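Enquirer: coords please:
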Amino acid sequence: MDDLKAKYLGQIADAGDEAALEAIRVAAVGKKGEVALKMRELGKMTPEERQVAGPALNALKDEINSALSAKKAGLADAALDERLRTEWLDVTLPVRPSRQGSLHPISQASEELTAIFAEMGFAVAEGPRIETDWYNFDALNIPGHHPARAEMDTFYMHRDQGDNRPPHVLRTHTSPVQIRSMEKTGAPIRVICPGGVYRADYDQTHTPMFHQVEGLAIDKDISMANLKWVLEEFVKAFFEVDGVDLRFRASHFPFTEPSAEVDIRCSWEGGTLKIGEGDDWLEILGSGMVHPKVIAAGGIDPDEYQGFAFGMGIDRIAMLKYGIPDLRAFFESDLRWLRHYGFAALDMPNLHGGLSR
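Expert: Modelled structure (predicted):
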């Protein structure tokens, strides 16, 4: 036993690397190592001899394993010391340049239009995205047979059999926020309602989820002339043009009367859209005077107050401003895609009190 102990402890002490140490481990305490072979001989010994040899072999095995572990740790420490001696890092070097992130075009467009309408006295109102069909349809004078209420156009929340609660939907526009705002504050009122909306549609110019901003102004003497001025001022500020021609085309919306689609003068040169010049027209939003039934649904007397409303897709006006051709790209984008279209955040105050960079 003493000879084996001296032999292997000496080899362990002289091992220069982990490969040599592993070879010693296999030769000493491996399945076919000398200590293992000695332990197999215990079966041939008398009980008295086993009582003496067994504990001695176990102690030898433990001592060799302990020596192996200690030597392995020592080799690892020596290797680390060598790396620390030969490798170095100059912490005074400047960091590698990296690209900064930026606001998504929809987020930036939302903050821009919010700031523009705020200068005209419009507050921001928000509401739930899951609405009752009363707020989403009935309060807005949308009749039960209207196509927009069909399941092929609107996402209805699932109801278990026997659940008799009123239907709930993913809101199809932010108009319900107008009703809630009138209920909450009464008249006069001037708000915009930006947010996400949902419709069962998907192609190059439609997605199941998109973003709208709707505006509402209620007072005693508001007219279509006020609506025209507000929209002209918004378009000039948002698209950064000095002058703009808007065309109001008669249309029909259940929640406004009279109603008008609004087109903007534009031109297409070399595939590039230019707002405010040219001989072409491009539809950008819907508008009109708020229907008396809608005003009444908001808890305001339509015989005393009147007002206008308008609504537009934030995704759509962002596409027009930044030259992005496919609405679906907004939901499959990354920073490389944004840079491809030349998009960069503006150094302008944002809604969170800082700069958009």
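Enquirer: Okay, helices next: where are they in the stretch 151-300 of the chain?
Expert: Using DSSP state H, counting those that start in this stretch, the helices of the stretch 151-300 of the chain run over residues 175-185, 224-238, 292-297.
Enquirer: List the contacts of residue 276.
Expert: By Cβ atoms under 8 Å, 6 or more residues apart in numbering, residue 276 lies in contact with 236, 239, 241, 242, 243, 244, 245, 264, 265, 266. For the C-beta atoms, the positions are set from N, CA and C on the backbone; glycine is no exception.
Enquirer: helix, strand or coil for residue 307?
Expert: Three-state assignment for residue 307 (DSSP: H, G, I helix; E, B strand; the rest coil): strand.
Enquirer: ok, the closest residue to it other than its chain neighbours - how many residues close by?
Expert: With sequence-adjacent residues excluded and distances taken as Cβ to Cβ, 6 or more residues apart in numbering, residue 307 is closest to residue 218, at 3.6 Å. Using other Cβ atoms under 10 Å, residue 218 has 25 other residues around it.
Enquirer: Could you say which of the helices of the stretch 151-300 of the chain is packed most deeply?
Expert: helix 175-185 (a mean of 22; mean count of other Cβ atoms under 10 Å).
Enquirer: Out of the helices of the stretch 151-300 of the chain, the one nearest residue 303 is which?
Expert: Closest of those to residue 303 is helix 292-297, at 8.1 Å (criterion: Cβ to Cβ).
Enquirer: which residues touch the closest one?
Expert: With Cβ under 8 Å, 6+ apart, helix 292-297 has contacts from 138-141, 178-179, 182, 218, 255-257, 301-302, 305-307.
Enquirer: Just give me the closest of those to residue 89.
Expert: The closest of these, once distances to residue 89 are taken by Cβ to Cβ, is residue 178, at 60.4 Å.
Enquirer: what's the domain layout of the protein?
Expert: 1-87, 106-344 (the TED database).
Enquirer: TSV please, covering those domains and showing distance to residue 97 and mean pLDDT.
Expert: Shown next, in TSV, are those (distance: least, Cβ to Cβ, whole Å; pLDDT from 0 to 100):
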stretch	distance to residue 97	mean pLDDT
domain 1-87	24	80
domain 106-344	15	87
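Enquirer: tell me the most buried of those domains?
Expert: domain 106-344 (a mean of 17).
Enquirer: from the middle of its chain, how far away would that one be?
Expert: 22 Å (Cα atoms, centre = their mean, to the nearest Å).
Enquirer: Can you name the next helix or strand after the host helix or strand of residue 49?
Expert: Secondary structure from DSSP states H and E places residue 49 in helix 47-86. Per DSSP H and E, the first helix or strand lying C-terminal to helix 47-86 is helix 105-119.
Enquirer: what packs against that following helix?
Expert: Applying 3 or more Cβ pairs under 8 Å, 6 or more residues apart in numbering; DSSP states H and E, one finds that helix 105-119 makes contact with strand 189-198, strand 209-219, helix 224-238, helix 314-322.
Enquirer: rerun at 10 Å
Expert: strand 123-124, strand 189-198, strand 209-219, helix 224-238, helix 314-322 (3 or more Cβ pairs under 10 Å, 6 or more residues apart in numbering; DSSP states H and E).
Enquirer: got the contact list for the first one?
Expert: Under the contact criterion Cβ atoms under 10 Å, 6 or more residues apart in numbering, strand 123-124 has outside partners 110, 114, 117-118, 177, 181, 185, 189-195, 213, 351.
Enquirer: Mind doing that once more with 7 Å?
Expert: 114, 190, 191, 192, 194 (Cβ atoms under 7 Å, 6 or more residues apart in numbering).
Enquirer: give me the element the nearest residue to residue 15 once chain neighbours are set aside is part of.
Expert: Excluding the flanking residues, the one nearest residue 15 by Cβ to Cβ, 6+ apart is residue 21, at 4.5 Å. Secondary structure from DSSP H and E places residue 21 in helix 18-29.
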